[in-house]
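A.B. asks: Here is my input; please provide its structure:
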Amino acid sequence: MIAGRLVRLIEKNSEQLSRELSEKVWNSPRCSDLHKIPPDELKARTREIYQNLNNWLLDMTEAEIERRYTELGARRAAQGVAYSHFLWAITATREHMVEFVQREGFSDTAVDLHGELELIRLLGQFFDRALYYTAVGYERERTRIGTNLHRRKGDVPHVTI
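C.D. replies: Numbers count the residues shown, from 1 in each chain. Below you'll find the model as predicted:
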């Protein structure tokens, strides 16, 4: 099946794709807050997505995606990365992967085209879930951080009965 071949091709080219994406994201003004993330961490994260694409798309349960991306959203919030910059980086990751699939696809027949479109659909579904769960984790962490800041400042309202 072409979708499987394309996934293996993406995984095989994970180093190159990761390097290209890291440069693209690192140099984008829409992602400038990502400079708060250690470069090695950012590279490892992009490499992880490309190297384990088959697992992300076919083997991961909703609960596993929720756990991983909620944690990632919370981590980025704790690092002080603006959510809009984080969101753009995830969107750029999806776009970079889809561009690769379209460039490298073997759509010589209707069946091949169907496989390519199926992979693009799976990528969209995966990244939509990733965006949702990163937002959940980010919001929870920002609320937790905000609550802790208020407590430290003594801003917690005093209630009397």
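A.B. asks: Now G124: closest residue in space, sequence neighbours ignored.
C.D. replies: Setting aside the residues directly before and after it, G124 is nearest to R94 in space (C-beta to C-beta, 6 or more residues apart in numbering), at 7.2 Å. From N, CA and C alone the C-beta is placed, and that goes for glycine too.
A.B. asks: Need the pLDDT of the one you found.
C.D. replies: Looking at R94, its pLDDT is 91.
A.B. asks: Can you give me the separation between it and P38?
C.D. replies: Counting by C-beta to C-beta, to the nearest Å, the separation of R94 from P38 is 23 Å.
A.B. asks: of the two, who's got more company?
C.D. replies: Between R94 and P38, counted using other C-beta atoms under 10 Å, the more crowded position is R94 (18 against 10).
A.B. asks: In contact with the more buried one, which residues are there?
C.D. replies: L123, G124, F127 (C-beta atoms under 8 Å, 6 or more residues apart in numbering).
A.B. asks: helices or strands next to the helix or strand encompassing the last one in the packing?
C.D. replies: F127 belongs to helix 110-153 when elements are defined using DSSP states H and E. If you count contacts as 3 or more C-beta pairs under 8 Å, 6 or more residues apart in numbering; DSSP states H and E, helix 110-153 packs onto helix 2-12, helix 62-78, helix 83-104.
A.B. asks: export the next helix or strand along the chain from the shortest one as CSV, just CAs?
C.D. replies: Per DSSP H and E, the first helix or strand lying C-terminal to helix 2-12 is helix 14-26. Once non-C-alpha atoms are left out, helix 14-26 reads as follows in CSV (Å, rounded to 0.1, in the frame of the first residue of the first chain):
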residue,chain,number,x,y,z
SER,A,14,13.6,11.7,9.3
GLU,A,15,16.9,13.3,9.9
GLN,A,16,16.7,15.5,6.7
LEU,A,17,13.1,16.4,7.3
SER,A,18,13.8,17.2,11.0
ARG,A,19,16.7,19.4,10.0
GLU,A,20,14.7,21.2,7.4
LEU,A,21,11.7,21.7,9.7
SER,A,22,13.9,22.9,12.6
GLU,A,23,15.5,25.5,10.3
LYS,A,24,12.1,26.6,9.0
VAL,A,25,10.6,26.9,12.5
TRP,A,26,13.7,28.4,14.1
